[in-house]
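[1] Provided below for reference: sequence and predicted model.
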Amino acid sequence: MGHRGPMTALRTRLLGAVRRRVRGLHRDEGAQVMPLVMAFGIAFFSGVVLVMNTGRTVNNRIESQNAVDAAMISGTTSLARGLNYLSKNNVSMAKVLASIAIVRAVPPAAQAGLTTLKVWDGVARGMKITGSALEKFPPTTAAGVALKIASAALKYKVKQEEIVLKNVKSAFEKIRDKWAGDTEDKGLGWTILKGLSKLGDWIANSAPLVAQYSARVVFHYNIKQGKITDLGGAVADPTFSQPNVWMLPLYPSLPVCKGKFGDFKNSTIHFAGKYSKPITTLGWALLTLSLFPMHYERSLSAQIKRLFLGGGADALPDENPNTQEITDLRTANERLKEEAERLQTEKNNLTAERTGLTTERGKKVAERDQAVRDGDNDKKVAADKRIGEIDKRLGEITKRIGEIDDRMEEISDEIEDNNDRITEILDEQGVPSGEIDSDNPPTPEGEGPGVNIGDPVGNGSVRSDVPAQPYLMKETADPDYKKTITYFTLGWRKIEEPFLQGKFRLFRKDTIVSLFSKRMELGFVYASAELYNPTSADTWTPDWRAQLVRTQVSRMPQPLGTTVKACASLDSNQPESSSSTNEEGRDWQAYLEDLVNLVGKH
């Protein structure tokens, strides 16, 4: 056995120390939980990252949906305002036309009233002559004096009405020259009418642009994107890198078409009758003898006919036997009603007098009985005399009340016969007996009927040379189209990058882990809203509103939209086509098809 050197001894000692340390590890239980801590730490960290990314995604989704909902309601509210403005504009134009007819109708009616007063003046002179003749004979002196007094009163009334009519005629002639003019090229009223027509064109064509702009502004504001980007830049970007929103159709036109001047007929008749009510009421109160209200109604009918059929200067219409008969019957009814009111007043007075006399008779009977008991013959005779006078008067009152009842029954029968005859004449002419002959007259809430002028235009050929037309609701194959109009809004924004996105190396260089590498880069949101009118779905009632509705992507509207057309050019059985034939239109169509495909995949 050889001798071991120093190095060998050192190695032996080290190996011994290592063996002892290894043997000690089997008995050492410290740090056994470390692998579990590392595993649970990795799981917890992964969960935190996942929750953070999911929360950010959900928050962006909610934010984007709220933004597109706000954009949708903002855009459709702008469209509803456009329809309300159009409705008010239509009503304003109809009122202007009615005012033109009214202003034109007054001077001829006043002239006809002056002619009627000449007749009454002749009647007054005849009454005066007759009264003077009767005054010469003693038996008829009183009647002659009364007739002369009545003649003077009639003459005074004729003179007063003549002064009023001359002033009215002069004033309205000046107003007519300034407001209505002799032709459609003159007069402030016609100028305002043409201006309102141009305003309607501007509203109908600009409301969709305002709606689109409003939706986009609200969307950008709600997602906090700062300044609004250029509209064309976002549309031309094929990668959809910019957040944006569009209402569909891209030109969300109002569901209206441009009508004809004749479409103002019903509303003009309505407002002319409504605003003529105070004129006829004052006329019957102040100008009874001249029959001004009757002349005015005939003149107004003629002026409305002139408005829509053209031709004719300011003059009363030719007498129509049936029309004149209706006027006479209505005048007779008014007089019969006045007579009935006078008789009813007289009957009330007689009844009150009979009640008083009956009470007095009871007292006199009591006085007579007391006088008999007292033996006072004078009081008894006086009481009997008064009782006799009372009985005689009571008999006269009873007889007169009976006559009044009989006459009032006759008046009721005559009025009923006259109304039956009026209805018969109107049925023969094919004119309904209501206030206005109209399929859909504008009757705003709280407005009562006006003067009944029938339908002076009838089925005549309405003129087309007046540059003023209303906007009407379009007819389509969809029966619900006139009740609600639905629009669609599509918005998108770039989704933010998730936390810890990318590729990471673990342990060895060839071990690579990818996190969130297949994420969705673009988020789409959409919403739908509808226009509706709870009062009347037309362009005469300004009560259009907007509300969000459930979105159905499969029922998206046609993507481009159309400009306003004339109602006569629309096919009432088919919806309008929005296809474009030019190159720019095809580019827009392809772009919109991409949008639809993306929404479908989403």
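    Arrived safely, thanks for sending. Numbers count the residues shown, from 1 in each chain.
[2] point to the helix or strand of this protein where mean pLDDT is at its lowest.
    Within the chain, confidence by mean pLDDT, DSSP states H and E is lowest for helix 231-236 among all helices and strands, at a mean of 41.
[3] counting by contacts, list what the following helix or strand past it packs against.
    Later in the chain than helix 231-236, the nearest helix or strand by DSSP states H and E is strand 244-248. If you count contacts as 3 or more Cβ pairs under 8 Å, 6 or more residues apart in numbering; DSSP states H and E, strand 244-248 packs onto helix 34-135, helix 188-222, strand 484-494. The C-beta positions use only the backbone N, C-alpha and C, and glycine is treated the same way.
[4] ok, 10 Å please
    Applying 3 or more Cβ pairs under 10 Å, 6 or more residues apart in numbering; DSSP states H and E, we find strand 244-248 packed against helix 34-135, helix 188-222, helix 231-236, strand 484-494, strand 522-532, helix 583-601.
[5] reformat these as TSV; add mean neighbour count.
    Below are those laid out as TSV (neighbours: other Cβ atoms under 10 Å):
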stretch	mean neighbour count
helix 34-135	18
helix 188-222	19
helix 231-236	12
strand 484-494	23
strand 522-532	21
helix 583-601	13
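[6] distance to E161 added to these, as CSV?
    Listed next are the helices and strands packed on strand 244-248 as CSV, based on distance: least, Cβ to Cβ, whole Å:
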stretch, distance to E161
helix 34-135, 6
helix 188-222, 29
helix 231-236, 68
strand 484-494, 56
strand 522-532, 53
helix 583-601, 70
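[7] could you tell me the least trusted of these?
    Lowest mean pLDDT of these: helix 231-236, a mean of 41.
[8] mind listing the helices for the stretch 251-400 of the chain?
    Assigned by DSSP state H, counting those that start in this stretch, the helices in the stretch 251-400 of the chain fall at 265-286, 292-309, 321-374, 377-429.
[9] quick one, which of the helices and strands packed on strand 244-248 is nearest to A332?
    The closest of the helices and strands packed on strand 244-248 to A332 is helix 34-135. By Cβ to Cβ, the value is 16.8 Å.
[10] and the angle from that closest one to helix 188-222?
    Between helix 34-135 and helix 188-222, the angle comes out at 170 degrees (axes from the mean of the first three to the mean of the last three Cα atoms, to 10 degrees).
[11] what is the following helix or strand past helix 34-135 packed up against?
    As assigned by DSSP H and E, the chain's next helix or strand after helix 34-135 is helix 141-179. Helices and strands touching helix 141-179, as assessed by 3+ Cβ pairs under 10 Å, 6+ apart, comprise helix 34-135, helix 188-222, helix 265-286, helix 292-309.
[12] so which of the ones you listed gets nearest T12?
    Judging the helices and strands packed on helix 141-179 by Cβ to Cβ, what sits closest to T12 is helix 34-135, at 34.2 Å.
[13] kindly calculate the angle that that closest one makes with helix 292-309.
    Using the same axes, to 10 degrees: helix 34-135 against helix 292-309 is 130 degrees.
[14] so helix 34-135 versus helix 265-286, what angle?
    Using the same axes, to 10 degrees: helix 34-135 against helix 265-286 is 40 degrees.
[15] which of the helices and strands packed on helix 141-179 sits closest to R373?
    Nearest to R373, of the helices and strands packed on helix 141-179 and by Cβ to Cβ, is helix 34-135 at 55.9 Å.
[16] out of the helices and strands packed on strand 244-248, which is closest to E416?
    Counting by Cβ to Cβ, E416 lies closest to helix 34-135 out of the helices and strands packed on strand 244-248; the figure is 28.7 Å.
[17] ok so, going back, which of the helices and strands packed on strand 244-248 sits closest to M408?
    Using Cβ to Cβ, the nearest of the helices and strands packed on strand 244-248 to M408 is helix 34-135, at 28.5 Å.
[18] nearest to S461, of the helices and strands packed on strand 244-248?
    Going by Cβ to Cβ, the one of these nearest S461 is helix 34-135, 17.9 Å.
[19] contacts for stretch 188-196 next, please.
    Identification of contacts with stretch 188-196 by Cβ atoms under 10 Å, 6 or more residues apart in numbering yields 88-90, 92-97, 99-101, 103-104, 175-176, 178-181, 183-185, 187, 264, 466-468, 470.
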